[in-house]
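K.L.:
this is a predicted model, with the sequence first.
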Amino acid sequence: MVARVRATLLGWLGAFGAVIDAVTGWWVERVLFSPAYLAIAGWVRETVAALRFWRGWPVLADRARRVWRAVWSVAGPPVRDAAGWLRHRAPGVVWRGVCWFARRAPRWTWRTTVYALCGAWWVVSRTVRWASGHASYARLVRQMDDEQRHGTAKRLREEWARMAAVRSVLMLIVAVVVVLVVSGIAGKLGNLPAASIMFGVFALVGRGVRPQPAEGDHDHELIVHSGPDEPFPIADAHTRAEAADAVSRALRTEGVDLRLVGEAVRQSWGWEVPVILRRGTPSQVVDKLAALETTLDLPAGGAMASPDRTRRARVVIRLAERDPFTGLQAAPAHAARPLVSRSITDRLHVGSVITGEPLALGLLGVHGVVIGDTGSGKSSTLATLADAVTDCADATVWDLDPAGTGLDVLADSIERSERTRAGIEDALADALALAEVRPHLLRDMGMQGREWVPTREHPAVIVFVDEYSRLSNAAKEMAVEVLRIGRKARVSLLLAATEATSDTLGDAIADTTALKILHACRHADVRLVLGPSMLGEGWRPDRLNPASADSPEDAGSAYVYAPHYRDPVLSKFRPVSDEDTAQRARQRAPHRPRVDAVSIEAARKRRAANGFSPSGNGSGSGRHRAVIALPSPRSGEPAPLDRMAVADVLAAFGDDERLWTVDLLARLAGRHDRYADWTPEDLADALRPLKLSPAQIKQDGRNRQGYHRQVVSDALSAQERG
Ligand SMILES: Nc1ncnc2c1ncn2[C@@H]1O[C@H](COP(=O)(O)OP(=O)(O)OP(=O)(O)O)[C@@H](O)[C@H]1O
């Protein structure tokens, strides 16, 4: 039995396999290898490839994106209003409707029943009275009887009887028709709907014939959740009208006299609501910001006000329910553009403004101050700015920091970096000398106009100074001088300090700088940097909080006063990712410009002519007391240290521990034009202040004069310590 079943199954399987084989063979031979199929398949492949790699796709996608953005900019606000209403308001409205109905349903049922009974009674009584003809004949017949006119009375009675008979028949016919219609409806829809229709018709008749209930019967139980002017949290506003209403109520509660509240604009972080004041000044609103945060139930610092400079009565109120800069990321390690392809004449994107626009600052010839409490993000802001400048082909960065690590993260792209008092004074003296000599070089350099035109060959110099308050007095004096005369020479200073008081920053600085960046700082600093009236104009960095141990708070957020930025709107600088920034700096390093040899030589001569020595050892006094003499390699006189040259010598060693002088000079010439004509004596003069002289270096079996990198490095460290 088992064998037979197995044989049968195997037979079936064999037959099935034979059929599959036959179909597959036919498919392969007749279809897959047929010329028509091959031609169609080739055509389909080509078309798909052509479509996939069609160059028009990105253009089409871009167009579609733009159209969508344009449509959304118009349709977005009402759609989001509607969505907000449906999500947050509609369920409440429906529920309130249900409750409202449930409360009224018993009374309505009762009233409708009364109306229906009245209507039915009215229809029956009126029909019976009409059919009886009582209203038409009864009075007339009685009058004829009273007047003894029996013949007329008899004739009227006969006429009445005839008419009553006709009307009764008519009434019967109508009654039969009505019964038929109602039973027809009952047959079609059921008894209950038919009865309901009859009930409704009688109720309508009853409603028509019965007088309205007295006014006192109306209910007054409209539930009032809040008084008509009572403020409510902004989180409860889901449409533009509700947001405007919330702001209007809150401001009125705080005693601000408004003429009107403009159309609210929904933002990803909250609301932007313009208001028009009836009287007073915008400071009325600015002073109430803290109170508004409570009234509208916002996070601390969430309420901001920015008065309109062109219309004093108008103040734009921003209510941030969430962090407005959530998506602001550090710059990526690899930029899409070619390396060092920007210009310092461009506006550099360094962050974002609360309005959603990019924060784009022009740094050409612009001096700046960055003020902020410790932890507010000053150093990161300097790094972000320096990162942007190191991407410019026509600007070079110097980094001075007497207390911290400065712009070490960008070390590879920085031309000059100083951490010691002497080094910083030397760098500032160089910057000052450059600022002094460059305007006199304009004609020789073929530059039109009165300002230095930065190019890759003749770059602008931007000197970043962190912890300005810790500079020596001499350095501060030179910095102030650079602020006064550096603009035309395109030698600019960007200073960071924790306070703006005169003993730390100085009034002169706040006045001279065109760029003012105010991170979380004190009330007094805002007055000192921007002027006393600006607090009332909405410049409130004192309401920001610096980073704490466990939270970044408002670190990096700032009020920026600069060309193109005259309104008190909150901005945030891009955070710095140390790893990515260092990588970018490394990639940019070979493409970075350096201060041109002509400017350097002229500056050196200027410093030599001034004939002053570094502060501390200085013999100079007066305006340029602090301008110290640059090394003069061929003068034979003891010259102060040329730190830039020593830094370049160390960089020229690269990974080599020792080099012959001739190789070192070749590498120096490759690094900068300044060293193109240097001889071994020039190099020896440059290193003499470190008490170094060339030594015998043996390489490939030959002895020549040269230098050891470690020896140069140790000598420099010793000099800095000393
Ligand atoms: N734009 C930013 N976005 C996010 N976090 C930031 C931003 N800027 C700074 N921070 C964070 O804030 C903290 C303080 O930053 P930073 O050291 O730059 O402040 P600072 O004002 O220079 O402080 P200090 O005066 O103590 O040196 C750091 O943890 C930093 O990561």
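P.N.:
Perfect, I can see it now. Values in this document were obtained by computation on a predicted structure and should not be read as measured data.

K.L.:
and the residue in the stretch 551-700 of the chain that the ligand sits nearest to, how many neighbours?
P.N.:
Among the residues of the stretch 551-700 of the chain, residue 556 lies closest to the ligand, at 2.2 Å counting by C-beta to the nearest ligand atom. The way it works is simple: take the backbone N, C-alpha and C, and place the C-beta from them, glycine included. The number of residues packed near residue 556 is 26, by other C-beta atoms under 10 Å.

K.L.:
and what of residue 348?
P.N.:
Residue 348: 22 neighbours (other C-beta under 10 Å).

K.L.:
let's have the chain start at 41 instead
P.N.:
I'll keep to 41 as the first residue from here, and by that count the last item is residue 388.

K.L.:
that one in helix, strand or coil?
P.N.:
Three-state assignment for residue 388 (DSSP: H, G, I helix; E, B strand; the rest coil): strand.

K.L.:
what do you get for residue 346?
P.N.:
Secondary structure, three-state DSSP: residue 346 is strand.

K.L.:
need phi/psi at residue 485.
P.N.:
In terms of degrees, to the nearest 10, the main-chain angles of residue 485 are phi -90, psi 0.

K.L.:
show me the contacts for the nearest residue to it once chain neighbours are set aside.
P.N.:
Spatial nearest neighbour of residue 485, chain neighbours left out: residue 498 (6.5 Å); criterion: C-beta to C-beta, 6 or more residues apart in numbering. Neighbouring residues of residue 498 by C-beta atoms under 8 Å, 6 or more residues apart in numbering: 434, 485, 492, 636, 638-639.

K.L.:
can you tell me which two in the residues you listed are farthest apart?
P.N.:
Largest separation among those by C-beta to C-beta: 434 and 638, giving 15.3 Å.

K.L.:
ok, those two, which is more surrounded?
P.N.:
Of the pair residue 434 and residue 638, residue 434 is the one with more neighbours under other C-beta under 10 Å, namely 22 against 17.

K.L.:
so how far is residue 493 from the more buried one?
P.N.:
9 Å (C-beta to C-beta, to the nearest Å).

K.L.:
likewise residue 195?
P.N.:
The value you get for residue 195 to residue 493, if C-beta to C-beta is used, is 127 Å.

K.L.:
residue numbers of this protein in contact with the ligand?
P.N.:
For the chain, the contact set with the ligand under C-beta under 6 Å from any ligand atom comprises 412, 414-420, 538, 587, 592, 595-596, 612-613, 615.

K.L.:
recalculate using a threshold of 5 Å.
P.N.:
Residues of the chain lying near the ligand by C-beta under 5 Å from any ligand atom: 412, 414-420, 587, 592, 595-596, 613, 615.

K.L.:
tell me how many other residues crowd the residue of the stretch 241-390 of the chain found nearest the ligand.
P.N.:
Across the stretch 241-390 of the chain, no residue is closer to the ligand than residue 368, which sits at 7.1 Å (C-beta to the nearest ligand atom). Counted by other C-beta under 10 Å, the residues lying close to residue 368 total 17.

K.L.:
and it, what is it in contact with?
P.N.:
Residue 368 makes contact with 391-392, 612, 614-615 under the criterion C-beta under 8 Å, 6+ apart.

K.L.:
in JSON lines, list the residues you listed along with secondary structure and pLDDT.
P.N.:
As requested, these are exported to JSON lines (DSSP: H, G, I helix; E, B strand; the rest coil; pLDDT from 0 to 100):
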{"residue": "391", "secondary structure": "strand", "pLDDT": "94"}
{"residue": "392", "secondary structure": "strand", "pLDDT": "94"}
{"residue": "612", "secondary structure": "strand", "pLDDT": "96"}
{"residue": "614", "secondary structure": "coil", "pLDDT": "93"}
{"residue": "615", "secondary structure": "coil", "pLDDT": "93"}
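
K.L.:
tell me the one of these nearest residue 159?
P.N.:
Distances from residue 159 to the contacts of residue 368, taken by C-beta to C-beta, are shortest for residue 392, at 70.7 Å.

K.L.:
mind checking how far the residue nearest to that closest one when sequence neighbours are not counted is from residue 598?
P.N.:
Among residues not flanking residue 392 along the chain, residue 368 sits closest, at 5.1 Å (C-beta to C-beta, 6+ apart). Between residue 368 and residue 598 the computed distance is 13 Å (C-beta to C-beta).

K.L.:
between the two, which contacts overlap?
P.N.:
Here residue 368 and residue 598 have residue 612 as joint contacts, going by C-beta under 8 Å, 6+ apart.

K.L.:
element containing the nearest residue to residue 321 once chain neighbours are set aside, please.
P.N.:
Closest residue to residue 321 in three dimensions, ignoring its sequence neighbours and counting by C-beta to C-beta, 6+ apart: residue 576, at 6.8 Å. If you go by DSSP states H and E, residue 576 is not part of any helix or strand.

K.L.:
surely residue 576 and residue 326 touch.
P.N.:
Yes. Residue 576 is within contact range of residue 326, at 5.6 Å (criterion: C-beta atoms under 8 Å).
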